[in-house]
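S.K.: make a model of this:
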Amino acid sequence: MPLQRVKRQSAWRVVALFCLRRKRCHAVSFVDDYMYVLLFISMTTNPEQTYLAQAIALAAKAFENSYTKDGKPYITHCLRVMDRVADYGEAHQVVAVLHDLIEDTPYTLSQLSELGFTDEMVAAIRLMTHDPKVPYTDYVYALSSNTLARHCKMADLEDNSDIRRMKGTRKKDLDRMRKYQIAYMYLRAVEESEQRGGFVNYGVLDGLIDKV
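M.R.: Residues are numbered from 1 along each chain as shown. Prediction:
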């Protein structure tokens, strides 16, 4: 059997078995999982996308027993974020699918480097990892200057802001949504400034991000 086919089947099993073995299984979420498994297969048919196949398999295993606030397997969040940055290329997809790995699992940045992920990918994942000791404002500031991290964070905020998956409308839920919105507006302003080829005056944007 060709090596490429073996690798695809192995990676398929990691995600497929995860979806089938998970403890919380109901019709709607299973359909969602199935769609993302198909998305995964389509993205790993290219033999050059070895980084992406490895990243998805790693995330699926690391988040095997983790669930989102609405009770779905956490890997589905990672895959949705990955899908949002697909047009930017494989490096973006890798960072997107692994963006919560260091923050929420025992894996380390050093391990990612040892696994062969590029310095660019690891640097962006480091920026996307929020240390609880660091104020959220400083965290957003730091990642905003890295294009790869900024694009993936915007995709992450878009997915986290989907009202269809809000657990409730308590004050803390609404405050969290407001924080996400302001952070997104700030990152979008930085993105638009860079697209215009102009100098990004971070000082002008202080008033916006400081509202977080």
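S.K.: how about the helices in this protein?
M.R.: When secondary structure is read from DSSP state H, the chain shows helices at 3-21, 27-43, 50-62, 74-84, 90-97, 101-104, 109-114, 119-128, 136-144, 147-160, 171-195, 202-209.
S.K.: against Phe117, how distant is Asp156?
M.R.: Remark: distance between Asp156 and Phe117 (CB to CB, to the nearest Å) = 18 Å. Backbone N, C-alpha and C define where each C-beta goes, glycine included.
S.K.: same question for Ser66.
M.R.: Taking CB to CB as the measure, Ser66 and Phe117 are separated by 21 Å.
S.K.: which residue of the two possesses the greater neighbour count?
M.R.: It is Phe117, of Ser66 and Phe117, that has more neighbours when counted by other CB atoms under 10 Å, with 21 against 14.
S.K.: can I assume the more buried one is in contact with Val95?
M.R.: No: counting by CB atoms under 8 Å, Phe117 does not reach Val95; the two are 9.1 Å apart.
S.K.: show me the shaky parts of the protein.
M.R.: Low-confidence regions of the chain, defined by pLDDT under 70, span residues 1-49, 165-168, 198-212.
S.K.: what is the neighbour count of the nearest residue to Thr105 once chain neighbours are set aside?
M.R.: In this structure, Thr105 finds its nearest non-sequential neighbour in Ala62, 4.4 Å apart by CB to CB, 6 or more residues apart in numbering. Residues lying near Ala62 (other CB under 10 Å) number 20.
S.K.: who are the contact partners of Ala62?
M.R.: 101, 105, 107 (CB atoms under 8 Å, 6 or more residues apart in numbering).
S.K.: of those, closest to Gly89?
M.R.: Comparing the contacts of Ala62 against Gly89 with CB to CB places Leu101 closest, at 19.5 Å.
S.K.: run through who's touching stretch 87-100.
M.R.: By CB under 8 Å, 6+ apart, the list of residues contacting stretch 87-100 from outside reads 43, 49, 51-52, 55-56, 58-59, 63, 74, 77-79, 81-82, 84-86, 112, 117-118, 120-121, 124-125, 128, 148-149, 151-153, 155-156.
S.K.: measure it end to end?
M.R.: Between the opening and closing residues of stretch 87-100 there is a gap of 21 Å (CA to CA, to the nearest Å).
S.K.: for that stretch, buried residues please.
M.R.: By neighbour count on 16 or more other CB atoms under 10 Å, the buried set for stretch 87-100 is 88, 90-100.
S.K.: may I see those arranged in TSV, with distance to Ile163 as well?
M.R.: Rendered in TSV, the data for the buried residues of stretch 87-100 read as follows (distance: CB to CB, whole Å):
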residue	distance to Ile163
Tyr88	25
Glu90	31
Ala91	30
His92	25
Gln93	25
Val94	28
Val95	26
Ala96	21
Val97	23
Leu98	26
His99	21
Asp100	21
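S.K.: which single one of the residues you listed is nearest to Tyr141?
M.R.: The closest of the buried residues of stretch 87-100, once distances to Tyr141 are taken by CB to CB, is His99, at 17.4 Å.
S.K.: contacting residues for the nearest residue to the closest one once chain neighbours are set aside?
M.R.: The shortest distance from His99 to any non-neighbouring residue, by CB to CB, 6+ apart, is to Met128 (4.6 Å). Met128 makes contacts with 95, 99-100, 103, 143, 149, 152-153, 156, as judged by CB under 8 Å, 6+ apart.
S.K.: perfect, I'm done here.
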